[in-house]
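S.K.: Any chance you can model this:
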Amino acid sequence: MYRNKVIWLLFSLLVAYSFTPSTDDRGVTHTIAIFREGANGFSAASLELEQAIQAIDKDDPASLIAAKEALKKCRLQYKRIEFFLDYFFFSSSMVYNRPAKTEIDEPYMEYQAPSGLQQIAVLLFEKEPFSRKKELVTEALVIRTAAADLTSLLYQFTTSDKAIMESIRLELVRLYAGGITGYDAPELKTGIAETAQSMRTIQAVMEPWLSSSSPETKSVAHYLTFCIQYLETHPGFDDFNRLEFLTACGLPLQESTGALIRALQLDQHTRSALNYNAPNLFSKNAIDLKAFTNGAVYTENEKALGKRLFFEKALSGNNTRHCGTCHRPELYFSDGLRTSRTLDNKTMVRRNAPGLTYTAFQYAQFWDGRAGTLSKQILTVISNPQEMNGHPAVIVSRLKDSAHYREAFAAAFPEDSVAVTMPHLATAIAAYLSTLAPMNSAMDEYFAGNKNAMTPAQIRGFNLFTGKAQCATCHFAPLFNGLTPPLYQFTEFENLGMPANDDLQHPRRDTDAGRFEFFPIAYYQRAFKTPTVRNSAMTAPYMHNGAFRDLEKVMEFYNAGGGNGVGMTDPYQTLSSTPLNLREAEIKDLIAFIHALTDKMETRR
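M.R.: Predicted coordinates for the structure are as follows:
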């Protein structure tokens, strides 16, 4: 295993991204110097980490404490170079800070085992960490070896101010959606200190531009200082007021940074589903819908046609049901049942009908993610014998018999002489579903400036959700689904160890294999897509099998550590089995916040 990691690492070190410099790249030399200094600091810290892990001794409890402290120091040093590595040398960065779970490269069915600083944190905080010393030593050795050669990445490396500015844009999003939530190392609870270190690095990198005097530079300099001071004076992870930090200085810094980049004409967008024209991460248009539609922009005619088709019974084989049968507007496009009824109303389908709000902002549809687009998902449901049992030729014939539909299709798809087709039908319904993302909840109003929009309990709940309760380490802001920041180009699947029933004292094993049925690789056993928490207060029951009848039961399950935490044994569970130790009052605040994610939207047909 160690030999394979080293070979892969050496290969990655030979590869460097190459950019064409612009005529005046005042920040390039400065930024590279900062990276060199940071790389040397990280290399030294990784050596100290390796030595501390080598010294771990089960007869010396202090040695474990020393290893954890060395890990914290090493992580802080890594945060000095994270923005640079992740942007310019992503493959190499994964050696150091890969998520502590097996990651699968689809569709090639290749996977990378957990490794790096995050995996070391998991191993150090296990119940029997001394029994994992061999693995810990291997991980530390790989990190130390790689860190010693970090500066070799700069051989023949060129870049530009535009690229540096984009890396800073992405780093700010990473900090707000991951850093302050403790995503990298929830066991260590070092997210606030690490975010402060990253902010100090951003401040140093931007110095060449901030030395000039303009409204934009003054604003960025002010909010950078404000953010760093706030983080340094509020170091506690569990009691950190994330809502205050974001609204008082974090998001204003993001907005002022965007304004400065535009003023300097250093805009560049080479990656991510982010909309760089949006003011900040919690703006309504922060995530670009075109990233999920292959760049297509839905027209108003398509959306109007799609809404009518969504409630059209002619799409079902027996003319008795439509999409809205199982996705009812008054229930935020869910149906209130544990699992939906089949077409004959005699049996039930296998999985719960989730709410459809924000469903357009996913790279994978269905609980198991087997459809890559909304259009494919729609056509699959229509043809499914248990759900709608629609036949394409029959559906097209029925729609063509309607003068209204012929006109509506022609208006929506004027470029095609034959407008009434199943692909156009699916596109139209997808266009309608894209409108079900109003982002006008109490939380959205709060971020828009209305500080009375959320109650004190909901504010406390937001800070718990994005902190101690660890909800935001899987349900990422701003959509609170499985789109992973800062690029938002990947949808996560997780195995929670979900039981088949809601009696957590006597849980029963669920037989649904989840994504494994679509991609038969062991690490996808019982893994399901991470849905949005937005509007979830209105869409009970919960989970892929609808086993949990209310949010209180959901919270009890997570608080216990998922399936493994309540006594089940699932070797592929990705949710930490360590109890969260949330108090009853904290759970109530969390639920209050989830209610603050309920949109004000039209719930009638």
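S.K.: T532 is in contact with N481, correct?
M.R.: Yes - using CB atoms under 8 Å, N481 is in contact with T532, at 3.9 Å. For glycine as for every other residue, the C-beta is placed from the backbone atoms N, C-alpha and C.
S.K.: what do these two both touch?
M.R.: 358, 361, 475 (CB atoms under 8 Å, 6 or more residues apart in numbering).
S.K.: what's the burial count for the first one?
M.R.: Neighbour count for Y358, taken as other CB atoms under 10 Å: 24.
S.K.: what sits against it?
M.R.: Residues in contact with Y358 (CB under 8 Å, 6+ apart) are 436-437, 479, 481, 532, 534-535.
S.K.: just checking, what packs against the top helix by length along the chain?
M.R.: If you go by DSSP state H, the chain has its longest helix at helix 28-54. For helix 28-54, the packing partners by 3 or more CB pairs under 8 Å, 6 or more residues apart in numbering; DSSP states H and E come out as helix 61-78, helix 82-88, helix 133-148, helix 161-174, helix 191-205.
S.K.: same thing but at 7 Å, please
M.R.: On a contact count with 3 or more CB pairs under 7 Å, 6 or more residues apart in numbering; DSSP states H and E, helix 28-54 meets helix 61-78, helix 133-148, helix 161-174, helix 191-205.
S.K.: which residues touch K189?
M.R.: Contact analysis of K189 by CB atoms under 7 Å, 6 or more residues apart in numbering lists 182, 237.
S.K.: So which of the helices and strands packed on helix 28-54 is nearest A527?
M.R.: Closest approach to A527 among the helices and strands packed on helix 28-54 is made by helix 133-148 (23.3 Å; CB to CB).
S.K.: List the buried residues of the closest one.
M.R.: 133, 135-136, 139-148 (16 or more other CB atoms under 10 Å).
S.K.: any idea how far L331 lies from G355?
M.R.: L331 sits 8 Å away from G355, going by CB to CB, to the nearest Å.
S.K.: Equivalent analysis for T195, please.
M.R.: Separation of T195 from G355 (CB to CB): 32 Å.
S.K.: For those two, indicate the residue with more neighbours.
M.R.: T195 (25 against 21).
S.K.: Look up the closest residue to the more buried one, ignoring the ones flanking it.
M.R.: In space, and not counting its chain neighbours, T195 is closest to G179: 4.0 Å by CB to CB, 6 or more residues apart in numbering.
S.K.: The residue nearest the centre of the chain: what's it in contact with?
M.R.: Geometric centre of the chain, nearest residue: T484, 2.7 Å, by CA atoms, centre = their mean. Contact analysis of T484 by CB under 7 Å, 6+ apart lists 476, 490, 492.
S.K.: cutoff 6 Å now
M.R.: Contacts for T484 (CB atoms under 6 Å, 6 or more residues apart in numbering) come out as 490, 492.
S.K.: How about G182?
M.R.: Here G182 is in contact with G191 (CB under 6 Å, 6+ apart).
S.K.: so how far is E407 from it?
M.R.: 55 Å.
S.K.: burial measure for K451, as a count.
M.R.: Other residues lying near K451 total 10 when counted by other CB under 10 Å.
S.K.: One more: L253?
M.R.: By other CB under 10 Å, the burial measure for L253, its neighbour count, is 26.
S.K.: thought it was touching H222?
M.R.: No - if you go by CB atoms under 6 Å, L253 and H222 don't touch, sitting 8.7 Å apart.
S.K.: Check which helix or strand E556 maps to.
M.R.: helix 551-560 (DSSP states H and E).
S.K.: ok now that helix, how far from the chain's centre?
M.R.: With CA atoms, centre = their mean, to the nearest Å as the basis, helix 551-560 stands 21 Å off its chain's centre.
S.K.: So which other helices or strands are in contact with the helix or strand that comes right after it?
M.R.: Going down the chain from helix 551-560, the next helix or strand is helix 562-565, by DSSP H and E. Here helix 562-565 touches no other helix or strand, going by 3 or more CB pairs under 6 Å, 6 or more residues apart in numbering; DSSP states H and E.
S.K.: Show me the contact partners of helix 562-565.
M.R.: 496-497, 570, 573, 575, 577.
S.K.: and if we set it to 10 Å?
M.R.: 494-499, 504, 507, 509-510, 526, 557-559, 568-571, 573-580 (CB atoms under 10 Å, 6 or more residues apart in numbering).
S.K.: now the protein, which segments are flagged as low pLDDT?
M.R.: Within the chain, the segments meeting pLDDT under 70 span 1-24, 102-103, 105, 107-111, 603-604.
S.K.: Quick one: the strands in it, in order.
M.R.: Here the chain has its strands, by DSSP state E, at 103-105, 110-112, 493-494, 528-529.
S.K.: sorry, back to before: state the distance from the residue nearest to T195 to G355.
M.R.: Applying CB to CB to G179 and G355 gives a distance of 29 Å.
S.K.: One more: M498?
M.R.: 18 Å.
S.K.: Over to R242?
M.R.: On the measure of CB to CB, R242 and G355 end up 26 Å apart.
S.K.: same thing with P385?
M.R.: 24 Å.
S.K.: got it, and T201?
M.R.: For T201 relative to G355 (CB to CB), the value is 40 Å.
S.K.: need the contact list for A469.
M.R.: By CB under 10 Å, 6+ apart, the contact set of A469 is 181, 238, 461, 463, 555, 558-559, 580, 582, 586-587, 589-590, 593.
S.K.: wait, T466
M.R.: 176-177, 180-183, 191, 240, 242-243, 246, 472-473, 475-477, 480, 593.
S.K.: Apart from its neighbours in sequence, what residue is nearest it?
M.R.: Excluding its sequence neighbours, the residue lying closest to T466 (CB to CB, 6+ apart) is A472, at 4.3 Å.
S.K.: do E166 as well
M.R.: Distances taken as CB to CB, 6+ apart put Q268 closest to E166, at 4.9 Å, once the chain neighbours are dropped.
S.K.: neighbours around the one you found, how many?
M.R.: When counting by other CB under 10 Å, one arrives at 18 neighbours for Q268.
S.K.: measure the nearest residue to E207 once chain neighbours are set aside to L210 for me?
M.R.: Closest residue to E207 apart from its sequence neighbours, by CB to CB, 6+ apart: H30 at 6.9 Å. Applying CB to CB, the value for H30 to L210 is 11 Å.
S.K.: do the same with L246
M.R.: As defined by CB to CB, L246 lies at a distance of 22 Å from L210.
S.K.: neighbour-wise, which of these two wins?
M.R.: Taking neighbours as other CB under 10 Å, L246 and L210 compare with L246 leading, 23 against 17.
S.K.: residues touching the closest residue to that one other than its chain neighbours, list them.
M.R.: Counting by CB to CB, 6+ apart, Y176 is the residue found nearest to L246 once chain neighbours are left out, at 6.4 Å. Applying CB under 10 Å, 6+ apart to Y176 gives the contacts 195, 242, 245-246, 250-251, 253-254, 280-282, 466, 477-478, 485-486.
S.K.: Likewise for G258?
M.R.: 165, 169, 172, 216, 220, 267, 276-280.
S.K.: now T339
M.R.: 326, 347-353, 541, 544-547.
S.K.: for P456, same thing?
M.R.: By CB under 10 Å, 6+ apart, the neighbours of P456 are 589, 592.
S.K.: same thing but 7 Å
M.R.: So P456 contacts nothing (CB under 7 Å, 6+ apart).
S.K.: Quick check: helices, which of the contacts of Y176 are part of them?
M.R.: If you go by DSSP H, the contacts of Y176 have 195, 242, 245, 251, 253-254 in helices.
S.K.: Quickly note the distance from the closest residue to A221 other than its chain neighbours to R36.
M.R.: Closest residue in space to A221, ignoring its immediate chain neighbours: L210 at 4.9 Å, by CB to CB, 6+ apart. Distance of L210 to R36, given as CB to CB: 21 Å.
S.K.: Could you do N450 as well?
M.R.: Separation of N450 from R36 (CB to CB): 46 Å.
S.K.: Over to F130?
M.R.: Distance of F130 to R36, given as CB to CB: 37 Å.
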